[in-house]
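Asks: mind folding the following:
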Amino acid sequence: MNSKKSKKIKVLAIALALAMTAALLASCAAKEEKPAGEGQTLDKITVQTLWVPQGQFAGLYIADARDYYEEEGIDIEILPGGTDVTPADQVENDVAQVGVLFYSSLLTYQEGGYDFINVFQNFQGSPQYLVAKKDTGIATGADLKGKKIGTWGAQWQVEFAALLGKYDLGDSDVTWVQQDYTMDQFINDEIDAASAMAYNEWLIANDEGWDESNTNIIDLNKEGTAMLEDCLFVKRDWAEANEDLLVRFLRATKKGWDYAIQNPEESGKLIFETGNSATEEHQIKMTEICGSYVQPEGATAGDIGKIDEAKAQQTIDFAKKYGLIKGDIALENSIDVSYWEKASS
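Replies: Residues are numbered from 1 along each chain as shown. Coordinates of the predicted model:
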């Protein structure tokens, strides 16, 4: 592999890690520079994201930057995530009132006794791809038999297990390989099919010359084995005690996503300036791609954040069938659409 390309990927990974500390400091500084209006009392909400400021969370950052939260009487603080930050623990311990998690991951906490509810579904589909070079002959899930599949761990592996099950394949038919967060193993032919988020690792592969001209994409949404990912969750008792505040927060967040979807270049630049994560071009592309999952083709701005109950139930079913959770979780106890409905009325 070209050493310059290898260094480029590793530098990007280091930059992402360094950006976590800078983003937190920038967030605190920004809050100090933005006092409430005279005579205005703002309700405080802290949100814990999964990672550093990036297009994946554009709705939050844009709603803040454009004062949509302040217009709803809210003083927002957005805490960047990282490898040492767990949104579930942050919300459980009242460090944050709202957290961002994959819905599939939220199920594991619900089963573990955390009284959390999904109140806003950011992504309406799964942005997780399996990608393979065309010369491997892998084009569908049926072609994975006997192949090495890169995965980031159990949480991300469930969708792929469901994909294998669709073609009457199982763990014994493939070799699971722990994949890092670069695309080096894919580029160096250490794995046959790689995990890649449409908004991140796939973009890294594109930068290295791998695109749809020489790579096959297995889209789990098209395969019918997708699970829901990014959602906003809260404690059930906090939501019940703060219904009006939560509704106002969700209404502002919907507006933030709507603006980001309509203005991905402006929004991506702002997010890059907030956290200096990756590159400006990467953040613009990420914002645009994430927006396509927040408001997919055929949906309207009014649909942003809506929890599709059929997709949520499929996520629960796959999570149980393929071992992410062990018991039954009732859909009506796992999600609560009432707050979103009030925010949308």
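
Asks: can you give me the end-to-end distance of stretch 161-170?
Replies: End-to-end distance for stretch 161-170: 7 Å, by C-alpha to C-alpha, to the nearest Å.

Asks: if you count neighbours, what's buried in stretch 236-256?
Replies: Across stretch 236-256, burial judged by 16 or more other C-beta atoms under 10 Å covers 238-239, 242, 245-256. Placement of C-beta: from N, CA and C, glycine included.

Asks: just the CA atoms of that stretch, as CSV, please.
Replies: The C-alpha trace of stretch 236-256 is given here as CSV (Å, rounded to 0.1, in the frame of the first residue of the first chain):
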residue,chain,number,x,y,z
ARG,A,236,-38.8,7.7,31.6
ASP,A,237,-39.4,9.5,35.0
TRP,A,238,-37.5,12.6,33.8
ALA,A,239,-39.7,12.7,30.6
GLU,A,240,-42.9,12.4,32.7
ALA,A,241,-41.8,15.2,35.0
ASN,A,242,-40.5,17.5,32.2
GLU,A,243,-43.0,16.8,29.4
ASP,A,244,-43.2,20.4,28.2
LEU,A,245,-39.4,20.9,28.2
LEU,A,246,-38.9,17.7,26.3
VAL,A,247,-41.5,18.6,23.7
ARG,A,248,-39.8,22.0,23.2
PHE,A,249,-36.4,20.3,22.9
LEU,A,250,-37.6,17.9,20.3
ARG,A,251,-39.4,20.6,18.3
ALA,A,252,-36.1,22.7,18.1
THR,A,253,-34.1,19.5,17.2
LYS,A,254,-36.5,18.8,14.3
LYS,A,255,-35.9,22.4,13.0
GLY,A,256,-32.2,21.9,13.4
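
Asks: can you give the distance from that stretch to the centre of its chain?
Replies: 20 Å (C-alpha atoms, centre = their mean, to the nearest Å).

Asks: show residues contacting that stretch.
Replies: With contact meaning C-beta atoms under 8 Å, 6 or more residues apart in numbering, stretch 236-256 is reached by 43, 45, 58-64, 66, 68-69, 71-74, 76, 97-98, 115-117, 119-120, 232, 234, 301, 304-305, 336, 339-340, 342-344.

Asks: so which of the residues you listed belong to helices?
Replies: 58-64, 68-69, 71, 339-340, 342-344 (DSSP state H).

Asks: could you pull out the helices for the stretch 51-200 of the chain?
Replies: In the stretch 51-200 of the chain, the segments counted as helices under DSSP state H, counting those that start in this stretch are 58-65, 68-71, 87-92, 103-111, 154-166, 184-187.

Asks: any chance of those in CSV, plus distance to residue 266?
Replies: Output for those, formatted as CSV (distance: least, C-beta to C-beta, whole Å):
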stretch, distance to residue 266
helix 58-65, 9
helix 68-71, 15
helix 87-92, 27
helix 103-111, 29
helix 154-166, 31
helix 184-187, 32
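
Asks: among the ones you listed, which is nearest residue 127?
Replies: Nearest of the helices of the stretch 51-200 of the chain to residue 127, taken as C-beta to C-beta: helix 154-166 at 10.9 Å.

Asks: so what secondary structure elements neighbour that closest one?
Replies: When contacts are defined as 3 or more C-beta pairs under 8 Å, 6 or more residues apart in numbering; DSSP states H and E, helix 154-166 sits against helix 103-111, strand 128-133, strand 148-151, helix 220-223, helix 309-321.

Asks: among those, which is nearest residue 296?
Replies: Between residue 296 and these, the tightest spacing by C-beta to C-beta is seen for helix 220-223, at 8.9 Å.

Asks: tell me the buried residues in that closest one?
Replies: Quick answer for helix 220-223 (16+ other C-beta under 10 Å): 220, 221, 223.

Asks: can you check stretch 87-99 too?
Replies: Within stretch 87-99, the residues that count as buried by 16+ other C-beta under 10 Å are 87, 88, 90, 91, 92, 96, 97, 98, 99.

Asks: hang on, residue 97 packs against residue 46?
Replies: Yes: between residue 97 and residue 46 there is a contact under C-beta atoms under 8 Å: 5.9 Å.

Asks: do you know the pLDDT at residue 278?
Replies: Looking at residue 278, its pLDDT stands at 84.

Asks: residue nearest the centroid of the chain?
Replies: With distances taken as C-alpha atoms, centre = their mean, the residue of the chain nearest its centroid is residue 230 (4.0 Å).

Asks: these two touch, right, that one and residue 102?
Replies: Yes: counting by C-beta under 8 Å, residue 230 touches residue 102, with 6.4 Å between them.

Asks: tell me how far residue 40 lies from residue 70.
Replies: To residue 70, residue 40 is 8 Å away according to C-beta to C-beta, to the nearest Å.

Asks: so the two - more neighbours on which side?
Replies: Each of residue 40 and residue 70 has its neighbours counted (other C-beta atoms under 10 Å); residue 70 has more, 18 against 10.

Asks: surely the more buried one is in contact with residue 42?
Replies: Yes: with contact defined as C-beta under 8 Å, residue 70 counts as touching residue 42 (6.7 Å).
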